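Student: Let's see this in three dimensions:
(4 chains)
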Number of protein chains: 2
Amino acid sequence: MRPTDTPKVRALPIFANVSDETFNRVTGAAYLQRFPANTTLLLEGDPVDFLYVLLEGQVELQGTWKDKETTLTILRPVSTFILAAVVLDADALMSARTLERCEILMISGDAIRTAMAEDARFAVAVARELSGCYRGLVRTIKNQKLRGGVERLANYLFTLRAKSGGGDSVHLPHEKRVLAALLGMTPENLSRAFATLGGYGVEVNGADVRLSKLGDLERLARPDPLIDNHAPRGPSLSAEADAEIWSTEHQRAGGARS
Amino acid sequence: MRPTDTPKVRALPIFANVSDETFNRVTGAAYLQRFPANTTLLLEGDPVDFLYVLLEGQVELQGTWKDKETTLTILRPVSTFILAAVVLDADALMSARTLERCEILMISGDAIRTAMAEDARFAVAVARELSGCYRGLVRTIKNQKLRGGVERLANYLFTLRAKSGGGDSVHLPHEKRVLAALLGMTPENLSRAFATLGGYGVEVNGADVRLSKLGDLERLARPDPLIDNHAPRGPSLSAEADAEIWSTEHQRAGGARS
DNA sequence: GCTCCGAATTGATGGAGATCAAGAGTCGCA
DNA sequence: TGCGACTCTTGATCTCCATCAATTCGGAGC
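Tutor: Got it, this is the predicted structure:
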């Protein structure tokens, strides 16, 4: 690992509250790798030997069956992925593909498992991370099965807005076809969904989106803290440690809770 | 906890490899409760104070949004549920409702978290369980998004067959309307799906289903070990510790892997 | 036996989204 | 500057599934 990357990695939730000794032991056996865009890092069904830590770029996790393909999530830095497979030393259930040029830290799965067995604090941190990922998936399923395409898009826009600090305009972080896959629809229908949202004050200009009529849009979207992990959570927010909805990104409000 | 229940609970994966001392400490602070059918154990958004262990009966986990409702899974003994919320000491993302009279062991969440911090083996066991649950959800999403209703039903029948030892007839463990919710369709469409499968040798008689023409049915279903957690996994099966697809039931092939 | 109620089936219709096809804008590159 | 490849958009059609409605079936209770 490069010295400049160390602080980013050290700040990962899976190392929260973990001793320097364990941290150094685990990351000692790690490679920093660069990958070009559109590279398959890991294929569904492959054995998983490393925990991946995305430091730069974007990675898509997808599943396949009978020539059909579905996107489960799109990761952005700094995120870990396929932790569950590493913990169980099992085969990957989804494929991982770079969407752009990426910088990825690969940590030995053996090292992870060994460190968990020897350091309860690390094992707890891993369990907490897994819990966040699990809850992220629950949110994803609810989002998919309970909402229609237009509603998913509207809520996605609110999520973006919340992440970017809450102005009245947002910038789409992906190509539209990638966004469509992420939202579980075709590019064609994403276009139509944006057109529909025009009636709710959504003006699209390339990757820039203005949200006039926030009230109207919110009445349509009905964001829900039990699905969308961004909503105003009351003044005394108790630093929920859930992973993000749309990914396992680590942009937590607070640090570790004692 | 009743003495007769102890062995069942002790055999749970979250106690695999765990010392008697930790086991006793954790289960010491536990209540055994009975609930009638159709009781809400836990409502979406509620704080979660206990880890639930289903010893008898059936429990449905569901999510809601704007008068719509979706079933995430149906649990059967012996299963734990809402472990992720317990680990994070967070609010529940789904509701839990009994489908029949149930016997449930409730273990203090504080006790779980404390024991994890003090006993690495327990923390590892919890992490492994969470990993299995996570992978179960990944399977669920792939099943939902990649397959149509008829295909989901066909694969469900194969899963049932595998669990019951592989004869050419299976017994449906739920009412059809519950099964429909589990498979993510309406009761009407489940009926129609069964009718369609008639052409593939599926004969329904109440809750009993005969599968003549297994070959035809399998060609339609295309079961996949990366979605359906039952498929023949090669002779040297390495005791995958994944949770079941349709639930977090614990019917593992092997015990702990060293 | 009977009724009654809910579950299960079957049919008819509607809507959301996928697919197919064509056109319009954009970017990179020679 | 123009070509080519790409994304993005828009329109027409089709498929799957939900919904509404009408029976039929089966068991519980009297």
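Student: any idea which helix or strand of chain A has the worst average confidence?
Tutor: helix A:6-10 (a mean of 89; mean pLDDT, DSSP states H and E).
Student: Below-threshold pLDDT in the stretch 51-200 of chain A: ranges please.
Tutor: For the stretch 51-200 of chain A, no stretch is flagged by pLDDT under 70.
Student: And stretch A:52-61, how far out from the chain middle?
Tutor: Taking CA atoms, centre = their mean, to the nearest Å, one finds stretch A:52-61 lying 9 Å from the centre of the chain it belongs to.
Student: Actually, stretch A:46-63.
Tutor: The answer for stretch A:46-63 is 11 Å, by CA atoms, centre = their mean.
Student: show me where the stretch 1-150 of chain A has strands.
Tutor: All strands of the stretch 1-150 of chain A, identified by DSSP state E, counting those that start in this stretch, fall at A:30-35, A:40-42, A:50-56, A:59-65, A:68-75, A:79-81, A:95-98, A:102-108.
Student: Which strands or helices does the first one pack on?
Tutor: Of the remaining helices and strands, those touching strand A:30-35 by 3 or more CB pairs under 8 Å, 6 or more residues apart in numbering or on different chains; DSSP states H and E are strand A:102-108. For the C-beta atoms, the positions are set from N, CA and C on the backbone; glycine is no exception.
Student: Are the strand it packs on and chain B in contact anywhere?
Tutor: No. Using CB under 8 Å from any CB of the partner chain, strand A:102-108 never reaches chain B; the gap is at least 15.6 Å.
Student: Partner strands of that strand and their direction?
Tutor: strand A:30-35 (antiparallel), strand A:50-56 (antiparallel) (DSSP bridges).
Student: about what we covered before: can you tell me which of the strands of the stretch 1-150 of chain A is nearest to B:Gly45?
Tutor: The closest of the strands of the stretch 1-150 of chain A to B:Gly45 is strand A:68-75. By CB to CB, the value is 23.8 Å.
Student: ok, back up a step: out of the strands of the stretch 1-150 of chain A, nearest to DNA strand D?
Tutor: DNA strand D sits nearest to strand A:68-75 of all these, at 12.1 Å, using CB to the nearest atom of the strand.
Student: Now do the buried residues in that closest one.
Tutor: A:70-75 (16 or more other CB atoms under 10 Å in any protein chain shown).
Student: List, one by one, the residues from the stretch 151-258 of chain A near DNA strand D.
Tutor: Applying CB under 7 Å from any atom of the strand, one finds that the stretch 151-258 of chain A approaches DNA strand D through A:175-177, A:187-188, A:190-192, A:194-195, A:204.
Student: are any of those buried, and which?
Tutor: Using 16+ other CB under 10 Å, the buried ones in these are A:190, A:194.
Student: Turn the residues of the stretch 151-258 of chain A next to DNA strand D into CSV, columns for secondary structure and distance to DNA strand C.
Tutor: Below are these laid out as CSV (DSSP: H, G, I helix; E, B strand; the rest coil; distance: CB to the nearest atom of the strand, whole Å):
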residue, secondary structure, distance to DNA strand C
A:Glu175, coil, 11
A:Lys176, helix, 12
A:Arg177, helix, 12
A:Pro187, helix, 8
A:Glu188, helix, 4
A:Leu190, helix, 8
A:Ser191, helix, 9
A:Arg192, helix, 8
A:Phe194, helix, 13
A:Ala195, helix, 12
A:Val204, strand, 12
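Student: at contact distance from chain B, anything in the top helix by length along chain A?
Tutor: Longest helix in chain A by number of residues, with DSSP state H as the criterion: helix A:120-146. Yes. Helix A:120-146 reaches chain B (CB under 8 Å from any CB) through A:120-121, A:123-124, A:126-128, A:130-135, A:137-142, A:144-146.
Student: sorry, back to before: could the strands of the stretch 1-150 of chain A be laid out in TSV, adding distance to DNA strand C?
Tutor: Formatted as TSV, the strands of the stretch 1-150 of chain A follow (distance: least, CB to the nearest atom of the strand, whole Å):
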stretch	distance to DNA strand C
strand A:30-35	19
strand A:40-42	22
strand A:50-56	19
strand A:59-65	13
strand A:68-75	7
strand A:79-81	25
strand A:95-98	19
strand A:102-108	19
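Student: Give me the domain ranges for chain A.
Tutor: A:3-143, A:148-221 (automatic domain parsing).
Student: Report the closest residue of the stretch 1-150 of chain A relative to DNA strand D.
Tutor: For the stretch 1-150 of chain A, CB to the nearest atom of the strand, closest residue to DNA strand D: A:Lys145, 9.0 Å.
Student: picking up where we left off before, any idea which of the domains of chain A is most buried?
Tutor: domain A:3-143 (a mean of 19; mean count of other CB atoms under 10 Å in any protein chain shown).
Student: how far does that one sit from the chain's center?
Tutor: From the chain centre to the centre of domain A:3-143 is a distance of 11 Å (CA atoms, centre = their mean).
Student: That domain: end-to-end distance?
Tutor: The first and final residues of domain A:3-143 sit 39 Å from each other (CA to CA, to the nearest Å).
Student: Run the contact check for it versus DNA strand D.
Tutor: No. Using CB under 7 Å from any atom of the strand, domain A:3-143 stays clear of DNA strand D, with a minimum separation of 10.1 Å.
Student: before we move on, the earlier item: so for B:Ile107, which of the strands of the stretch 1-150 of chain A sits nearest?
Tutor: strand A:79-81 (28.7 Å).
Student: The closest one pairs with which strands?
Tutor: strand A:50-56 (antiparallel).
Student: what comes into contact with the partner strand?
Tutor: Strand A:50-56 has contacts (CB atoms under 8 Å, 6 or more residues apart in numbering or on different chains) with A:5, A:8-9, A:12, A:32, A:41-42, A:59, A:75-83, A:86, A:96, A:101-109, A:112.
Student: One more pass at 7 Å, please.
Tutor: A:5, A:8-9, A:41, A:75, A:77-83, A:86, A:102-109, A:112 (CB atoms under 7 Å, 6 or more residues apart in numbering or on different chains).
Student: re earlier: in a markdown table, list the strands of the stretch 1-150 of chain A along with distance to A:Arg222.
Tutor: Compiled in a markdown table, the strands of the stretch 1-150 of chain A are given as follows (distance: least, CB to CB, whole Å):
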| stretch | distance to A:Arg222 |
| --- | --- |
| strand A:30-35 | 39 |
| strand A:40-42 | 36 |
| strand A:50-56 | 32 |
| strand A:59-65 | 27 |
| strand A:68-75 | 22 |
| strand A:79-81 | 28 |
| strand A:95-98 | 33 |
| strand A:102-108 | 35 |
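Student: Select, out of those, the one closest to B:Asp228.
Tutor: strand A:59-65 (10.2 Å).
Student: For the closest one, name the packing helices and strands.
Tutor: Secondary structure elements in contact with strand A:59-65, counted by 3 or more CB pairs under 7 Å, 6 or more residues apart in numbering or on different chains; DSSP states H and E, are strand A:68-75, strand A:95-98, helix B:120-146.
Student: looking just at contacts, which helices and strands does the second one meet?
Tutor: Using 3+ CB pairs under 7 Å, 6+ apart, the elements in contact with strand A:95-98 are strand A:40-42, strand A:59-65.
Student: Next, work out how far apart A:Val26 and A:Arg128 are.
Tutor: A:Val26 is 16 Å from A:Arg128, where distance means CB to CB, to the nearest Å.
Student: same question, A:Val86
Tutor: Taking CB to CB, one finds A:Val86 at 15 Å from A:Arg128.
Student: again with A:Leu157
Tutor: 29 Å.
Student: Isn't A:Arg222 up against B:Lys68?
Tutor: No. A:Arg222 is beyond contact range of B:Lys68, at 11.0 Å (criterion: CB atoms under 7 Å).
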